[in-house]
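> predicted coordinates and the sequence they were generated for:
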Amino acid sequence: MTSSSTPASGSPRPPGNRRPLRRLTARGRGEEHRVATPLELFFDLCFVVAIAQAGIQLVHAVAESHAGQGILDYAMVFFAIWWAWMNFTWFASAYDNDDVLYRVVTLIQIAGVLVLAAGVSRAFEDHEYLAVVLGYVIMRLALVGQWLRVARSSRGPERRMALRYAGGVLLCQIGWLGLLVLPEDARPWLFLVMAILEMCVPPYAERNHPTSWHPHHIAERYGLFTIIVLGETIAAATVAVKTGIDENDALGDVVPIAAGGLLIIFAAWWIYFVVPIHGHLRSNRQAFLWGYGHYVVFASAAAIGAGLEVAVEQTVGKAHISTLAASAAVTLPTALYLLTVWVLHSRYFKVGISQQLVLPTAALLVICCTFLGDWAVLVAGVVTALAVVTGETLTARRAARGYGTTAESPLA
């Protein structure tokens, strides 16, 4: 997951000239017209099933006044989902040869995430992690197989790098089995240790030979997954509003939440995609920080949808929590999303202190909206929308004065 100077490979051969099985060799970082494949899009879509299940369980936990345990379980399950997705994404960017075996192994990984998704409810309700661990192990062992294919097709430092990946991932799976046997109180600590070890595998494996991931392809893959997560957030909020209207005839009560939530999600999309981030992904350090930081981006974006569901349930009397807690379920993940996107994107493209302060200020104001009672979500939505307007206005003024271009957006 680090940058590489591997020369660009030629354009892929037409499908009619491809053999069913081919050597799994590195693709070039300078490859032109590199875009997400239909298999990658299918892969992302199936992962959303697991994200949706985690969001549903988070809603139930928060609505029943078990927010602390619910957030902890959500963080653990979401890490498994995100880490497996991220490892596949960076591997595919460097080694996708689209042969029959590559496709079959990827479909096995998809089967693994569906097994994981099936076990999410038991992980939250009964702290039973058998299905979650099984699904995660299926995904990770499939990735081990891919790295062993790379090792077989390569020599020297690249082969050692592939074997380090395979060995590191395999050893980590042994550690995750502790979730099945350790006492419940010890599991969060095991999760913390294993998460750190998992994230140490890529820097260790690529210490001497970095993979040849494609910056534009990686930026597109992350962007597409962000869109899918935001889409799931909209879907969850829509179902919550529909339920509130159908079961409680509470249209007037849920409209402010729906309007505020829609503004938040629209602003979240705008803020993330306002600049082409692939130009920033150049050094090893930038790649790891950016890639790992998206755990918070994805988790907070998905949590916004869960928070909107909680807010609707509290409004119609189905959630056993206060208005303040329901409002915080929306405003806190929204503020976290704004701050994380600022750290990963915006600060590298902003010009001047006024542009630098747009997103941090918006995040602070969104947190303050928590205390506005029934109007908290609507006002938070207005704040995020005003952040977009402010950022675009500052950019336009600077461009008009001849100090920059529209690409130097204060929100990116």
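Okay, I see it.
> centroid-nearest residue for this structure?
Taking C-alpha atoms, centre = their mean, the centroid of the chain lies closest to residue 298, which sits 3.1 Å from it.
> mind checking which helix or strand it is in?
helix 284-315 (DSSP states H and E).
> from the contact counts, what lies against the helix or strand following that helix?
As assigned by DSSP H and E, the chain's next helix or strand after helix 284-315 is helix 323-344. Applying 3 or more C-beta pairs under 8 Å, 6 or more residues apart in numbering; DSSP states H and E, we find helix 323-344 packed against helix 251-272, helix 284-315, helix 358-368, helix 376-400. (Each C-beta comes from the backbone N, C-alpha and C, glycine too.)
> of all the ones you listed, which lies closest to residue 154?
Nearest of the helices and strands packed on helix 323-344 to residue 154, taken as C-beta to C-beta: helix 284-315 at 20.1 Å.
> what mean pLDDT does the closest one have?
For helix 284-315, mean pLDDT is 88.
> now it: buried residues?
Using 16 or more other C-beta atoms under 10 Å as the test for burial, helix 284-315 gives 286-288, 290-292, 294-315.
> how big is the angle separating that helix from helix 376-400?
140 degrees (axes from the mean of the first three to the mean of the last three C-alpha atoms, to 10 degrees).
> show me what helix 284-315 is packed against.
On a contact count with 3+ C-beta pairs under 8 Å, 6+ apart, helix 284-315 meets helix 38-63, helix 67-95, helix 187-205, helix 215-248, helix 251-272, helix 323-344.
> what about the last one, distance to the chain center?
Read that as helix 323-344. 15 Å (C-alpha atoms, centre = their mean, to the nearest Å).
> then the second one?
Centroid separation between helix 67-95 and its chain, computed with C-alpha atoms, centre = their mean, is 7 Å.
> the helix or strand of the chain with the lowest mean pLDDT - contacts with which helices or strands?
The weakest-scoring helix or strand in the chain, judged by mean pLDDT, DSSP states H and E, is helix 353-356 (a mean of 81). Packing partners of helix 353-356 (3+ C-beta pairs under 8 Å, 6+ apart): helix 376-400.
> buried residues in the helix it packs on?
Residues of helix 376-400 classed as buried: 376-385, 387-388, 390-392, 394-395, 398 (neighbour count, 16+ other C-beta under 10 Å).
> go on, stretch 181-192?
Result for stretch 181-192 [16+ other C-beta under 10 Å]: buried residues 187, 190-191.
> hmm, back to that, correct me, but the residue nearest to the centre of the chain touches residue 227?
No. In this structure residue 298 lies outside contact range of residue 227 using C-beta atoms under 8 Å: 11.2 Å.
> could you give me the buried positions within the least confident helix or strand of the chain?
Those would be residue 355, for helix 353-356 by 16+ other C-beta under 10 Å.
> export it as CSV, just CAs?
Taking C-alpha atoms only, helix 353-356 is exported to CSV below (Å, rounded to 0.1, in the frame of the first residue of the first chain):
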residue,chain,number,x,y,z
ILE,A,353,-6.6,30.9,7.3
SER,A,354,-10.2,31.6,6.3
GLN,A,355,-10.4,28.6,4.1
GLN,A,356,-8.6,26.4,6.6
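> returning to what we had before: so which of the helices and strands packed on helix 284-315 comes closest to residue 22?
Nearest of those (C-beta to C-beta): helix 67-95, 11.1 Å.
> can you tell me how far residue 360 is from residue 133?
Using C-beta to C-beta, to the nearest Å, one obtains 38 Å as the distance from residue 360 to residue 133.
> before we move on, the earlier item: out of the buried residues of stretch 181-192, which is nearest to residue 80?
residue 191 (9.3 Å).
> residues in contact with that closest one?
By C-beta atoms under 8 Å, 6 or more residues apart in numbering, residue 191 lies in contact with 76, 79, 179.
> can you select the buried ones among these for me in PyMOL?
Listed next is the PyMOL selection for buried residues among the contacts of residue 191, using 16+ other C-beta under 10 Å:
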select buried, resi 76+79+179
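> could the contacts of residue 191 be laid out in CSV, adding pLDDT and distance to residue 233?
Below are those laid out as CSV (pLDDT from 0 to 100; distance: C-beta to C-beta, whole Å):
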residue, pLDDT, distance to residue 233
76, 91, 20
79, 93, 19
179, 87, 28
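> and the contacts of residue 191, which is closest to residue 40?
residue 79 (21.0 Å).
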